[in-house]
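Undergrad: Dropping the sequence and predicted coords here.
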Amino acid sequence: MSLSRPLRLAAFLLGPILLAASISAAAEPAPLRGLEDLTRSRIALVAGSSHDEHVARRYPQAQVLQFKATPDVVLAVATGKADVAFLALESVREIFRTTPNLAILVPEAYRSPMGAAFRPDDTTLRTAYNTFFRRLRESGEYEAMQQRWFKEGARDLPPLPPRGEGPVLRLGITASKGLPWTGVRNGAFTGFEVELAERFAASLGRRLELIDLDVSGQIAALASGRIEAIACLLVMTEERRKRVAFSDELIAFVACVVTRQDRIEGAAPAAEATPTVEAGLPLGQRIRANLLEEGRYRLILEGLFVTCVISVLATIFGTVFGGVVCAGRMSRRLLLRQAAAVYIWCLRGVPVLVVLMIIYYVVFASFHVSPILVAAVAFGLNAAAYIAEMLRSAIQSVDRGQLEAGVAGGFTRTQAFRLIVLPQALRQVLPVYKGEVISLFKMTSVVGYIAVQDITKAGDIIRSRTFDAFIPLLVTAAIYLVLAWVIAWALERIELRVTPPHQRQGSGVAS
């Protein structure tokens with residue numbers, strides 16, 4: 001009888017969920033024939049892309065699933081999480097090469113002009129770009145570029161004009177768009193947009209620096225001065241024209257609708273080439289395709305180094321600044337206490353990703369500071385708010401009488417605090433501090449939003465080439481797991497050293 005009530009409660013709560021899941025699993029998805037079937041479909045698209053505006057206007061009753069990058073959109077359709085996806089027609093050749101269970105439902109859903117984007121006040125650079133493009137087209141080289149990337153399926157850059165020695169030209173691209181637009185091969189950017197950017201920089205006699213940003217972050221980076229132009233070609237929508245100045249039309253963008261082959265009848269073959277990555281392939285081949293081909297493991301190693309640098313810098317800065325904030329929080333001066341309290345309240349209440357974006361796009365908007373340093377500052381500021389409260393609680397847990405006894409014994413208040421109170425407080429705070437450092441390390445996985453290639457971003461780039469979610473995500477998770485264990489082990493060694501021998505047994509600290 002004692003278990004009947006909890007069981008009834010569990011059945012009441014879980015019953016509708018299980019029923020809905022069973023109905024969803026049993027229901028056969030309706031076949032798709034064309035655009036008229038998209039009205040109530042689940043449509044996957046890249047957030048911030050031109051598809052977003054088009055779908056919102058044409059299919060208001062559809063369920064829109066917005067994803068960060070093209071690989072996520074493709075995987076959503078391939079695994080049945082979405083019914084259809086809007087993709088660039090030029091990209092499907094590469095996508096179908098690695099995901100052969102997809103097919104084109106509608107070859108041309110809509111067509112729009114595309115071009116590079118500039119700040120409205122930068123007429124000089126935009127004019128130079130239009131002049132460069134006209135010369136490129138007149139020489140016949142632009143037609144050769146289109147043939148090379150869109151029809152022949154090239155993957156490597158051809159011989160290009162030598163780079164100039166002038167000032168750095170910072171252009172924004174999106175590597176996760178994948179080939180033929182922009183991709184990463186053998187650790188270097190490649191693709192139609194990259195070749196176009198290289199030729200433009202050479203025509204100006206300037207050195208080129210490509211900044212990899214998500215599509216949704218390109219215009220914000222341009223407005224804040226992080227980049228001088230957007231080389232990731234954008235569809236010229238009315239909304240975007242209000243914020244940027246476009247170049248002349250470079251190419252016509254054709255959006256197609258893609259779905260699984262088993263959702264439509266009479267679909268054309270999805271791929272001409274043999275797929276290189278498929279769920280049914282042996283694990284060894286999938287590992288090779290994701291990590292060894294094109295030297296993709298180097299992306300993981302570079303991302304690991306960046307993640308470690310950001311984590312170490314943020315931990316040091318957060319710990320030191322957290323101590324400063326703690327001192328202000330415990331100060332006798334009302335102004336300092338209130339300032340520290342407001343700081344802690346704000347940083348603990350705002351998501352760390354929002355803090356990162358504010359620091360990158362607002363605070364350091366006018367300075368060309370390394371994004372790695374910006375990330376370390378952002379995460380350090382966030383961690384400082386938590387560390388300050390940890391330190392304050394630990395210090396206040398030490399009996400105030402010990403401080404008074406130290407003063408009575410001949411120490412100054414500073415000496416008594418440093419020699420008597422602080423060691424005890426550190427022993428109290430270390431177990432909680434260990435969890436905060438591990439959390440900070442894992443939070444660095446969002447630095448890809450500000451053009452930093454960490455472990456997670458490296459996995460995204462690999463998925464943009466292979467469209468295989470399992471191996472890149474598994475490798476990323478394994479690396480985070482191992483590094484979290486290393487951090488915990490190192491902090492436990494420190495905890496062991498500061499814990500008196502008579503307190504180690506039974507305290508949870510291994511000897």
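TA: Received the coordinates, thanks. Residues are numbered from 1 along each chain as shown.

Undergrad: any idea how the chain splits into domains?
TA: Annotated domains of the chain cover 113-253, 298-498 [automatic domain parsing].

Undergrad: got those domains as CSV, with mean pLDDT, mean neighbour count and distance to residue 105 columns?
TA: The way it works is simple: take the backbone N, C-alpha and C, and place the C-beta from them, glycine included. Below are the domains of the chain laid out as CSV (pLDDT from 0 to 100; neighbours: other Cβ atoms under 10 Å; distance: least, Cβ to Cβ, whole Å):
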stretch, mean pLDDT, mean neighbour count, distance to residue 105
domain 113-253, 92, 18, 18
domain 298-498, 88, 18, 18
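
Undergrad: Distance to residue 77 added to those domains, as a markdown table?
TA: Converted to a markdown table, the domains of the chain look like this (distance: least, Cβ to Cβ, whole Å):
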| stretch | distance to residue 77 |
| --- | --- |
| domain 113-253 | 15 |
| domain 298-498 | 11 |
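
Undergrad: for those, which one sits closest to residue 53?
TA: Proximity to residue 53 (Cβ to Cβ) singles out domain 113-253 among these, at 5.5 Å.

Undergrad: And the helices in the stretch 351-500 of the chain?
TA: Per DSSP state H, counting those that start in this stretch, the stretch 351-500 of the chain carries helices over the ranges 352-358, 371-397, 400-408, 413-416, 422-443, 455-466, 470-498.

Undergrad: Residue 298: which of those helices is closest?
TA: Closest approach to residue 298 among the helices of the stretch 351-500 of the chain is made by helix 455-466 (9.0 Å; Cβ to Cβ).

Undergrad: Distance from the chain centre to stretch 447-464, please.
TA: Centre-to-centre, stretch 447-464 and its host chain are 6 Å apart (Cα atoms, centre = their mean, to the nearest Å).

Undergrad: Show the end-to-end separation of that stretch, please.
TA: Its start and end residues considered, stretch 447-464 measures 18 Å (Cα to Cα, to the nearest Å).

Undergrad: Nearest residue to the residue nearest the centre of the chain in space, please, no chain neighbours.
TA: Geometric centre of the chain, nearest residue: residue 448, 3.5 Å, by Cα atoms, centre = their mean. Leaving aside its chain neighbours, residue 448 sits nearest to residue 457 (3.6 Å; criterion: Cβ to Cβ, 6 or more residues apart in numbering).

Undergrad: need the contact list for that neighbour.
TA: Neighbouring residues of residue 457 by Cβ atoms under 8 Å, 6 or more residues apart in numbering: 212, 303, 447, 448.

Undergrad: cool, and residue 398?
TA: By Cβ under 8 Å, 6+ apart, the contact set of residue 398 is 421, 424, 425, 428.

Undergrad: With respect to residue 92, which of the residues you listed is nearest?
TA: Using Cβ to Cβ, the contacts of residue 398 come closest to residue 92 at residue 428, 58.8 Å.

Undergrad: wait, the closest one sits on residue 397?
TA: Yes. Counting by Cβ atoms under 8 Å, residue 397 is a contact partner of residue 428 at 5.7 Å.

Undergrad: returning to what we had before: now do the same contact list for the residue nearest to the centre of the chain.
TA: Taking Cβ under 8 Å, 6+ apart as the criterion, residue 448 is in contact with 214, 454, 456, 457, 460.

Undergrad: so the second one touches residue 310, yeah?
TA: Yes. Using Cβ under 8 Å, residue 454 is in contact with residue 310, at 7.1 Å.

Undergrad: Mutual contacts of those two, please.
TA: Common neighbours of residue 454 and residue 310, using Cβ under 8 Å, 6+ apart, are 444, 447.

Undergrad: ok, residues contacting whatever helix or strand residue 202 lives in?
TA: For residue 202, the host element (DSSP states H and E) is helix 192-204. With contact meaning Cβ under 8 Å, 6+ apart, helix 192-204 is reached by 128-129, 132, 135-136, 141, 145-146, 149-150, 157-158, 160-164, 166, 169, 171, 173, 177, 180-182, 207-208, 210, 231-233, 250.

Undergrad: Thanks a lot, catch you later.
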